[in-house]
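Student: Coordinates for the following, if possible.
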Amino acid sequence: MTHYLVTGASGFIGVELVTQLVAQGEQVTTMHRGVGLAGFPEVNHFRCDLGERNMPPDLFDGIDIVVHLDRKSTRLNSSHQIISYA
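Tutor: As a prediction, this is how the structure comes out:
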């Protein structure tokens, strides 16, 4: 089983992706600024904003693949610090 982290998971594409991944039996963690996704009790949800640096320190632990669908353009450096392009 692959463990996915999906940013922007509450958006149109994010919801569909999470639905498909869960249906395939994959492990999913979501990251979003707004309200968590309803109807996904098997998914770990983190409410945080890439631009605000309020991510839990263990957010990336055990993650195999990050799918970045957040509308903000940001990148992570090797120490998980946020660097904004905007």
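
Student: in this protein, which spans are helices?
Tutor: 12-23 (DSSP state H).

Student: quick one: low-confidence parts of this structure?
Tutor: Applying pLDDT under 70 to the chain flags the ranges 36, 52-54, 72-86.

Student: can you give me the strands in it?
Tutor: 3-7, 27-32, 44-47, 65-68, 74-76, 82-84 (DSSP state E).

Student: Redo those as JSON lines? Include mean neighbour count.
Tutor: The C-beta positions use only the backbone N, C-alpha and C, and glycine is treated the same way. Compiled in JSON lines, these are given as follows (neighbours: other CB atoms under 10 Å):
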{"stretch": "strand 3-7", "mean neighbour count": "21"}
{"stretch": "strand 27-32", "mean neighbour count": "22"}
{"stretch": "strand 44-47", "mean neighbour count": "15"}
{"stretch": "strand 65-68", "mean neighbour count": "14"}
{"stretch": "strand 74-76", "mean neighbour count": "13"}
{"stretch": "strand 82-84", "mean neighbour count": "12"}
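
Student: Can you add distance to Q20 and give the ones you listed back as JSON lines?
Tutor: Output for the strands of the chain, formatted as JSON lines (distance: least, CB to CB, whole Å):
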{"stretch": "strand 3-7", "distance to Q20": "10"}
{"stretch": "strand 27-32", "distance to Q20": "10"}
{"stretch": "strand 44-47", "distance to Q20": "17"}
{"stretch": "strand 65-68", "distance to Q20": "11"}
{"stretch": "strand 74-76", "distance to Q20": "25"}
{"stretch": "strand 82-84", "distance to Q20": "28"}
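
Student: Looking at the ones you listed, which is nearest to L59?
Tutor: strand 44-47 (6.0 Å; CB to CB).
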